[in-house]
Every structure is written in C-alpha cells, then in structure tokens.
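Enquirer: pasting the sequence and the predicted coordinates here, then a few questions.
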Amino acid sequence: QVQLVESGGGLVQAGGSLRLSCAASGRTFSNYAIAWFRQAPGKEREFVAGISYTGRSAGYTDSVKGRFTISRDNAKNTVYLQMNSLKPEDTAVYYCAAQPYGLGSTQHEYSYWGQGTQVTVSS
C-alpha cells in the first residue's frame, strides 16, 4: 500500500503560481512513478504531468507544457508540481497517483490515489 497526501492548493489570480506537493508513505516510494491528474466540474479526470520512478523521465499534457514542472525528491518521499502562469482553465481538483515503475498517462494505470487538493484560478 502507498498512501498519498496532496497539499498546496488554493486560490490564485491568473498569471500567478502555486506549488503542489504529494507526500507518500508506505512502500518504497522510489519504486513508483507518480502522476498528477485534475478534474474540473462537469469534466472527466485528465492527466496533467507524470514523472518516472527514477525521476529521469517526465511527461506533460500539451496545455501545461512550458508552464508546469514536475519533480521528485525521493529522500523526502515527495513529488512536486510547480505551476506558473496559471489560467482560469487550470481550475480543478488536483490528484496525485502512484503506480509501480511504469510512467503512464491514463488513470486506469494507477493503483493509488490521494484525496485531492483544490486549485482555483480567478480571472
């Protein structure tokens, strides 16, 4: 079992920044790929960014490329999502998810999920 807890969400104006954190406990964190997904009201949950278990590979959905950066600190069992130049369309509940080893971009590949943190971007 891996337990995930997100933090860092909040209300920010368009153009602002937030840094989300995903703290993990349980099994060996360094063996898990971690991804961030988000779900806006009335929409399906979508992949935002993911990082491999080694931290050497990362992927992003097109709408956040150049604005969001995912990173991990295996010594702290934490993954971060730095979000810059935020837009109102980034408003959603953000979830982190974990799966052993492989980095994927669909929610069905991930076995462990956090409870989510709300990000609201005002125009």
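Expert: Perfect, I can see it now. Numbering: from 1, shown residues only.
Enquirer: so which strand or helix has the residue positioned nearest the centre of the chain?
Expert: Closest residue to the average C-alpha location of the chain: residue 36 at 2.4 Å, with C-alpha atoms, centre = their mean. In this assignment (DSSP states H and E), residue 36 forms part of strand 32-39.
Enquirer: contact partners of that strand?
Expert: Strand 32-39 is contacted by residues 2, 20, 22, 24, 45-53, 70, 72, 79, 81, 90, 92-105, 107, 110, 112, 116, 119 when judged by C-beta atoms under 8 Å, 6 or more residues apart in numbering. (C-beta placed from N, C-alpha, C; glycine too.)
Enquirer: one more time with 7 Å
Expert: 2, 22, 45-53, 70, 72, 79, 81, 92-103, 107, 110 (C-beta atoms under 7 Å, 6 or more residues apart in numbering).
Enquirer: put the alpha carbons of it into CSV.
Expert: These are the backbone C-alpha positions of strand 32-39, laid out as CSV (Å, rounded to 0.1, in the frame of the first residue of the first chain):
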residue,chain,number,x,y,z
TYR,A,32,6.8,4.3,-8.0
ALA,A,33,6.0,6.5,-10.9
ILE,A,34,3.9,9.5,-9.8
ALA,A,35,1.4,11.4,-11.8
TRP,A,36,-0.8,14.4,-11.3
PHE,A,37,-4.3,14.4,-12.7
ARG,A,38,-7.0,17.0,-12.4
GLN,A,39,-10.8,17.1,-12.6
